[in-house]
Every structure is written in C-alpha cells, then in structure tokens.
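> pasting the sequence and the predicted coordinates here, then a few questions.
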Amino acid sequence: MPVVPTVNYLILAAALFCVGMLGVLIRRNALVVFMCIELMLNAANLTFLAFARERGDVTGHISPFFIIAVAAAEAAVGLAIVISVFRNRGTVNIEEIQSMKH
Amino acid sequence: MSAEQVLFWAFAVGTIGSAVGVIFVRNPVASAMSLVASFFFLAGIYVLLWAHTIAVLQVLVYAGAIMVLFLFVIMLLSLNDTGPIAQVSLSRVAGALATAALLVALVQAFRKLPGSGTVEWATDAGRLASVGTSKQLGAVLYTQWLFPFEAVSLLLLVAIVGAVVVAKSRI
C-alpha cells in the first residue's frame, strides 16, 4: 500500500504555520491574532506527529500532548488579558493598545 | 491513488482553506468557526499519521474546550468589527513578504531532508496496531514523562488562578 510521504505532512505543517504567521502580522483584532497563534501551535504539533510516524517513536506523541495543555493555559490567560484590556480601553484593536510602546 | 492519498489531500485542502478563512473573514465569530473546522480537518490528518489519541484530544480540547472559551469571549465583548480587515501599510507588506519567504525556505528545506520520502516500518502490521493508541501513549506518559505531566497540571492550576485574577475587576 503506498503511503503518503512524510515530506507532504511537513509541507502542510509549514503552510499552516505560514498562514498563522500571516494572520498574526496583518490582523488588528487581538482575538483573531490569538486564533492565529493557535494555528501556529497546531502546525508544530503536526510536525512532531509526522516525525513520530516516520521514526515509529511514540515520544513524538508526547510533545503534542503537552503543547495542547500549554495552549489551553495560554488561551485562558490570554483571553483574560484581552477582557481586562477591553474593560480598560474599550477596544481590542492591537494598534490602539500601545501605551507600553515608548 | 490510494484511499490514504485521497484522504490526505482532502484533509490538507480543508485545513489550509479553513485556516485562510480564519484570517480573511471579518466577523470574529465566523473566524472562530472556521478555526474549529480547521481543527477538525487537522484531527483527520492526525488519524492518517496513526496518532489516534492526539486526534481525539484535538477534537475534545481544542475544537471543544478552547474554542468555546474563544466564542464566549467574542460574544462577551460583542465586537462590531467594521472597516477593512487590514489597511495596507509598510509593516504589513513586509510581514506578508517575510511569511512568503519563510514558506519558500521551509519547503525547500523539507524537500532536501534525507530519508523523509518513505516510512520503512509501514508494512509491519504488529507495530502499526499499537502505535498511537492511548495504551501506548499512557505507558510512556506515566513512566518516562511523569514529572512533566505533573508539572503541566501545576501550570494549568496557575493559569486558572491567573485568568481569574487578571479578568476580575475587583477580587
């Protein structure tokens, strides 16, 4: 049975990472930026799992497990910060939130 | 074309398509739903990679728990996002160019990767049956990776407390 080569999965992961990075760089809505960070984390997961299959090694499944847990923690704290910023400023536009810039 | 190839391309196109939808849809709720679709397609890709447990976790934790959190926050803030998705500015054009350059560099690098063309042990039926099951994952997780596992539980506790402290206006 022909198997899809690992390099296809790696290129898919690279494309997914670049879509996420593009979103982080061009969108202004802080919530959408967060979603794009989740996309980039998923691209990292996909890379780990692709190499886990290639090497037949279950250790590659442990990292996605921890990444999912850390992503949950990151989303909880990040969204709390977004709520806090929205309460103080009335906006989640990342271009208008720049009081720590100078 | 084998069934695996057909499924791979279907899931890959679905993943990238809905990921692009996350960026180029104006309404944040539609953006979040597009991200959920992307996670579901990605779970299919994980199954193709024999990572069944991670695929289930992806649907339960990512598409379930984390995205519900996102939707709650979006609806709590009731954003009415009008105007263009992104105004063209020098930094945005530079960002888009850098992203395209990174994609080209990564694809070129992956193509030159030695030995990533085939999977030698894919015909080993006994090994195939055990890879990626929750039994095997648990055996490694609770022995070799026990301390990181406990550390993650502490991290989640800290995150819960931190989220409450940050989001609450007065404790």
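That came through, no problem. Residues are numbered from 1 along each chain as shown, chains lettered A, B, ... in the order given.

> residues touching residue 29, list them.
Using chain A here. By Cβ atoms under 8 Å, 6 or more residues apart in numbering or on different chains, the residues touching residue A:29 are A:92, A:93, A:94, B:28, B:79, B:81. All C-beta atoms are positioned from the backbone trio N, CA, C, and that covers glycine.

> was after chain B, sorry
Contact analysis of residue B:29 by Cβ under 8 Å, 6+ apart lists B:71, B:74, B:75.

> could I get those residues as CSV with neighbour count and secondary structure?
Shown next, in CSV, are the contacts of residue B:29 (neighbours: other Cβ atoms under 10 Å in any protein chain shown; DSSP: H, G, I helix; E, B strand; the rest coil):
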residue, neighbour count, secondary structure
B:71, 15, helix
B:74, 22, helix
B:75, 12, helix
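
> same for the longest helix along chain A, what does it pack against?
Ranked by residue count, the top helix of chain A under DSSP state H comes out as helix A:59-89. With contacts defined as 3 or more Cβ pairs under 8 Å, 6 or more residues apart in numbering or on different chains; DSSP states H and E, helix A:59-89 has these neighbours: helix A:30-55, helix B:52-57, helix B:67-77, helix B:134-141, helix B:146-167.

> what angle separates that helix from helix B:134-141?
Relative orientation of helix A:59-89 versus helix B:134-141 (axes from the mean of the first three to the mean of the last three Cα atoms, to 10 degrees): 80 degrees.

> so which bits of helix A:59-89 are buried?
A:60-69, A:71-80, A:82-86 (16 or more other Cβ atoms under 10 Å in any protein chain shown).

> what residue is smack in the middle of chain B?
residue B:39 (5.8 Å; Cα atoms, centre = their mean).
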